[in-house]
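Novice: Got a predicted structure here, sequence first:
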Amino acid sequence: MQWTCDCNEVVYELITLGGLRFIRRTAFQAGKTVIHESDRWSFRMADAMWSALLTGNAR
């Protein structure tokens, strides 16, 4: 598992589960925690999306 700094209002995690990977986005807003998860992807596709996310190129 990898994650971005938990010192921000939004934290991203790259998670491996059952041979697939996905990205979890956790936002802390107005005292609430809001969690969204991506689709499950192959390692290659998830790693590419993770890299794009970290470099600001994800859409």
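Specialist: Received the coordinates, thanks.

Novice: Do you have the helices of the chain handy? List them.
Specialist: 43-54 (DSSP state H).

Novice: would you list every one of the strands in it?
Specialist: Counting by DSSP state E, the segments of the chain that form strands are 2-3, 10-17, 20-29, 32-37.

Novice: Can you convert these into JSON lines and add a column each for mean neighbour count, distance to Arg44 and mean pLDDT?
Specialist: C-beta: built from backbone N, CA, C; applies to glycine. Putting the strands of the chain into JSON lines (neighbours: other CB atoms under 10 Å; distance: least, CB to CB, whole Å; pLDDT from 0 to 100) gives the following:
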{"stretch": "strand 2-3", "mean neighbour count": "13", "distance to Arg44": "15", "mean pLDDT": "72"}
{"stretch": "strand 10-17", "mean neighbour count": "15", "distance to Arg44": "13", "mean pLDDT": "93"}
{"stretch": "strand 20-29", "mean neighbour count": "15", "distance to Arg44": "9", "mean pLDDT": "94"}
{"stretch": "strand 32-37", "mean neighbour count": "10", "distance to Arg44": "19", "mean pLDDT": "95"}
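
Novice: mind checking which of those is nearest Thr55?
Specialist: Evaluated over the strands of the chain, closeness to Thr55 peaks at strand 10-17, with 12.5 Å, by CB to CB.

Novice: Of the strands of the chain, give the one that comes closest to Ala52.
Specialist: Using CB to CB, the nearest of these to Ala52 is strand 20-29, at 10.3 Å.

Novice: Nearest spatial neighbour of Leu53, chain-adjacent residues omitted?
Specialist: Spatial nearest neighbour of Leu53, excluding adjacent residues (CB to CB, 6 or more residues apart in numbering): Tyr12 at 6.1 Å.

Novice: Hmm, Cys5 and that neighbour touching each other?
Specialist: No - if you go by CB atoms under 8 Å, Tyr12 and Cys5 don't touch, sitting 9.6 Å apart.

Novice: hmm, back to that, redo the strands of the chain as TSV? Include distance to Asn57.
Specialist: TSV is the format used below for the strands of the chain (distance: least, CB to CB, whole Å):
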stretch	distance to Asn57
strand 2-3	17
strand 10-17	14
strand 20-29	14
strand 32-37	19
